[in-house]
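Asks: Dropping a prediction and its sequence here:
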Amino acid sequence: MIQTPRRVRASFHPLVVSAIEQLTPHARAVSFTCPPELAEEYRYQPGQHLTVRRIVDGEEVRRSYSICAVPRDGDVVPTLRVAVAHVPGGLMSTYLTEQLEVGDELEVMPPLGTFTCPALPELARHHVAFAAGSGITPVLSLIGSALGREPLSRVTLVFGNRNAESIMFLEELEDLKNRYPARFHLVMVLSREEQDAELFSGRLDAHRIRRILEVVIPPATVDEWYLCGPLGMVEAAQEVLAEVGADAAHVHHEIFHAEDSGPSVVVDTSAPPEAVVTVTLDGRRTVVEMPTKAESILAATLRGRPDAPYSCTGGMCGTCRARVVDGEVTMTKNYALEPDEIAKGIVLACQAHPVTDRVTLDYDA
């Protein structure tokens, strides 16, 4: 009998910062040097992200940042470049945008993420993206790849920001307009700066997205949709696209920000278990006792398996996905998994809570 090989777990590697670019007063692009021996491990698809890890005041902090570069055929090593926008009070973003210097070393995990769509050079497609703020980061890689690798295709980008000063990658977007004048259409929407057309002045809410589709982008002409930004914008776009009959299989999305999960659960590890979770990770089985089902499976697992994969812990990045092979769990939030993945038993461990007294979870499946 042929057995399916176990999934090899990605691990962190120290990478040297090779360049830092100031994109806006509050955002930077950070490039890393990829050693030749790690080239294959760090090859990525447009739309994927890198997870960065560092210790702050004795506490491990992890954050995911999307790759804002287009992979080039023939490159000996991949170009690794991410964008970081400062988040008030953010431990990692404050360090990366205010303190990081060229030559510093950071621990970086190889590329992950499913916000992708392979380029198909033989097709003539219309790619349309709705992005807001730092949501442009993975979209830049996706549309750059589509324009460069699909010579018959065209791209329309609707990009929402507060004002002109806050627009990330403005020069690179203008360069795409100059390079592909007949195939790239850029629509800027500013919420705090008045523009000539009222349609493009305001927030990218459902009403404005609906009007843009009526006036600028006939939905029937679109083959692939990309949505990336805050939760409200992505949900508004999904609502409108469902109304106009867009095929959900061709609507790709990623959330960059969602509301905070609320106060953390206080756990008394000396209390008797309400649930017992058996975790398979890298071929090793670990039994995890959970004093309360209110705690996430990830949080409980990290007490016994600190090597368990995770990044955002907010249900957005999908790094902590695993398969339920026995028992039942419920998820508080899910911004990363598609319906077909959930149907196969895939869950986000950071949002998963046991329903049954015993659960078996397999990270390697």
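Replies: Happy to help now that I have it.

Asks: Low-confidence regions, the chain specifically.
Replies: Applying pLDDT under 70 to the chain picks out residues 1-9, 257-264.

Asks: swap the cut-off to 80 and go again
Replies: 1-10, 56-57, 73-74, 256-264 (pLDDT under 80).

Asks: biggest strand in it by residues?
Replies: In the chain, assigned by DSSP state E, the strand with the most residues is strand 13-24.

Asks: Show me what that one is packed against.
Replies: Here strand 13-24 is seen to pack against strand 27-33, strand 80-85, strand 105-112 when contacts are counted using 3 or more CB pairs under 8 Å, 6 or more residues apart in numbering; DSSP states H and E. Any C-beta I mention is one placed from the backbone N, CA and C, and that applies to glycine too.

Asks: That strand pairs with which strands?
Replies: Strand 13-24 has the following strand partners under DSSP bridges: strand 27-33 (antiparallel), strand 105-112 (antiparallel).

Asks: any chance of those in a markdown table, plus distance to Pro14 and mean neighbour count?
Replies: Formatted as a markdown table, those follow (distance: least, CB to CB, whole Å; neighbours: other CB atoms under 10 Å):
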| stretch | distance to Pro14 | mean neighbour count |
| --- | --- | --- |
| strand 27-33 | 10 | 20 |
| strand 105-112 | 5 | 19 |
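
Asks: Which stretches in the stretch 251-365 of the chain count as strands?
Replies: Listed in chain order, the strands of the stretch 251-365 of the chain (DSSP state E, counting those that start in this stretch) span 251-257, 275-281, 284-290, 321-326, 329-331, 346-348, 352-354, 358-362.

Asks: who's in contact with the fifth one?
Replies: By that I understand strand 329-331. Applying CB atoms under 8 Å, 6 or more residues apart in numbering, the contact partners of strand 329-331 are 297, 315, 347-348, 351-355, 359, 361.

Asks: Could you dump the residues you listed into CSV with distance to Ala83 added?
Replies: Shown next, in CSV, are these (distance: CB to CB, whole Å):
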residue, distance to Ala83
Ile297, 31
Gly315, 22
Val347, 29
Leu348, 24
Gln351, 26
Ala352, 30
His353, 33
Pro354, 37
Val355, 39
Val359, 37
Leu361, 33
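
Asks: returning to what we had before: what's in contact with the longest strand of the chain?
Replies: 28-35, 38, 41, 80-81, 83, 85, 100-110, 165-169.

Asks: again, but for stretch 342-353
Replies: Here stretch 342-353 makes contact (CB under 8 Å, 6+ apart) with 293-299, 301, 308, 310, 312-315, 318, 320-325, 329-334, 336-337, 361, 363.

Asks: Mind checking which of these land in helices?
Replies: Using DSSP state H, the members of those that fall in helices are 297-299, 301.

Asks: what about the closest residue to Glu224 other than its chain neighbours, helix or strand, and which?
Replies: Nearest residue to Glu224, sequence neighbours excluded (CB to CB, 6 or more residues apart in numbering): His127, at 4.9 Å. Here His127 sits within strand 126-132, counting by DSSP states H and E.

Asks: Now do the helices in the stretch 101-250 of the chain.
Replies: Along the stretch 101-250 of the chain, the segments classed as helices by DSSP state H, counting those that start in this stretch run 136-149, 170-179, 206-215, 231-243.

Asks: Serialize the helices and strands packed on strand 13-24 to JSON lines and add fields for distance to Ile209.
Replies: Converted to JSON lines, the helices and strands packed on strand 13-24 look like this (distance: least, CB to CB, whole Å):
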{"stretch": "strand 27-33", "distance to Ile209": "24"}
{"stretch": "strand 80-85", "distance to Ile209": "22"}
{"stretch": "strand 105-112", "distance to Ile209": "29"}
